[in-house]
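[1] Next come a sequence and a model predicted from it.
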Amino acid sequence: MMELHQTLEAQKLSSDEGEKRYELQGLLCGCLKNAAESSAQTSAAGGRWQEYNNLLRNGISEAYFRILHGFKNSPKTKLLIPYAYSILQFLDSIYQERDKSVLWNLFVSYVLSDLILMLEMF
C-alpha cells in the first residue's frame, strides 16, 4: 500500500479530471500486476489460501475488465501498453488451471478481446 501511495505522490497528474481518470487507471494496472503475480505464486496452496486466491483473482479479473472497457476507443490507451504483457500472463495463468469453469473461460475471453481491441489501435 505504501508503494501505491509513493507512486501516486511521484506522479505529476493532470489537472483535467478526464485526463486524471485515465492516468489513475493506468497506475492501478501496475498495482493489479503485483496482485496478479502474488496470486500466481499462491495458486498451488490449498484450503483457505485457495479460497482467498480465488477471491483475489475474481477481483483482479473484474478490475482489468472494467479498466480495459473504460479505455475502449480512447486516445489514452497508450497508458496501458506497458501492462499488456502482464495482463496476458494473468489470463494465461487462469487458463492453465485445471479447475476452471466455463464461466471463467468466457470471462477471460472477454478481457482478452478487450485487450486485443486496445492493442489494435496501435
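    That came through fine.
[2] switch to C-alpha atoms for all contacts and neighbour counts from now on
    Will do.
[3] In stretch 68-85, which residues are buried?
    Neighbour-count burial for stretch 68-85 flags 68-69, 71-72, 77, 79-80, 83-84 (criterion: 16 or more other Cα atoms under 10 Å).
[4] For Ala36, state which of the residues you listed is nearest.
    Tyr83 (11.7 Å; Cα to Cα).
[5] so that closest one touches Gly30, yeah?
    Yes. With contact defined as Cα atoms under 8 Å, Tyr83 counts as touching Gly30 (7.1 Å).
[6] would you list the buried residues of stretch 68-85 in JSON lines and tack on pLDDT?
    JSON lines is the format used below for these (pLDDT from 0 to 100):
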{"residue": "Leu68", "pLDDT": "82"}
{"residue": "His69", "pLDDT": "81"}
{"residue": "Phe71", "pLDDT": "77"}
{"residue": "Lys72", "pLDDT": "78"}
{"residue": "Thr77", "pLDDT": "79"}
{"residue": "Leu79", "pLDDT": "77"}
{"residue": "Leu80", "pLDDT": "80"}
{"residue": "Tyr83", "pLDDT": "84"}
{"residue": "Ala84", "pLDDT": "85"}
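[7] Redo those residues as CSV? Include distance to Ser109 and secondary structure.
    Formatted as CSV, the buried residues of stretch 68-85 follow (distance: Cα to Cα, whole Å; DSSP: H, G, I helix; E, B strand; the rest coil):
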residue, distance to Ser109, secondary structure
Leu68, 13, helix
His69, 13, helix
Phe71, 17, helix
Lys72, 16, coil
Thr77, 19, helix
Leu79, 22, helix
Leu80, 18, helix
Tyr83, 18, helix
Ala84, 15, helix
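[8] for the chain, what helix or strand is lowest in average pLDDT?
    helix 2-10 (a mean of 49; mean pLDDT, DSSP states H and E).
[9] Only alpha carbons, please: show stretch 91-110 as PDB.
    Taking Å, rounded to 0.1, in the frame of the first residue of the first chain, the C-alpha atoms of stretch 91-110 are listed here in PDB:
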ATOM      1  CA  LEU A  91      -5.100 -14.500 -18.200                       C
ATOM      2  CA  ASP A  92      -2.800 -17.400 -19.200                       C
ATOM      3  CA  SER A  93      -2.300 -18.400 -15.500                       C
ATOM      4  CA  ILE A  94      -6.100 -18.600 -15.200                       C
ATOM      5  CA  TYR A  95      -6.400 -20.500 -18.400                       C
ATOM      6  CA  GLN A  96      -3.700 -23.000 -17.400                       C
ATOM      7  CA  GLU A  97      -5.600 -24.100 -14.300                       C
ATOM      8  CA  ARG A  98      -7.300 -27.400 -14.400                       C
ATOM      9  CA  ASP A  99     -10.300 -26.500 -12.200                       C
ATOM     10  CA  LYS A 100     -11.700 -23.700 -14.300                       C
ATOM     11  CA  SER A 101     -15.300 -23.200 -15.100                       C
ATOM     12  CA  VAL A 102     -17.000 -22.400 -18.400                       C
ATOM     13  CA  LEU A 103     -17.800 -19.000 -16.900                       C
ATOM     14  CA  TRP A 104     -14.100 -18.300 -16.200                       C
ATOM     15  CA  ASN A 105     -13.300 -19.200 -19.800                       C
ATOM     16  CA  LEU A 106     -15.900 -16.800 -21.000                       C
ATOM     17  CA  PHE A 107     -14.800 -14.000 -18.700                       C
ATOM     18  CA  VAL A 108     -11.100 -14.500 -19.800                       C
ATOM     19  CA  SER A 109     -12.200 -14.300 -23.400                       C
ATOM     20  CA  TYR A 110     -14.000 -11.000 -22.800                       C
END
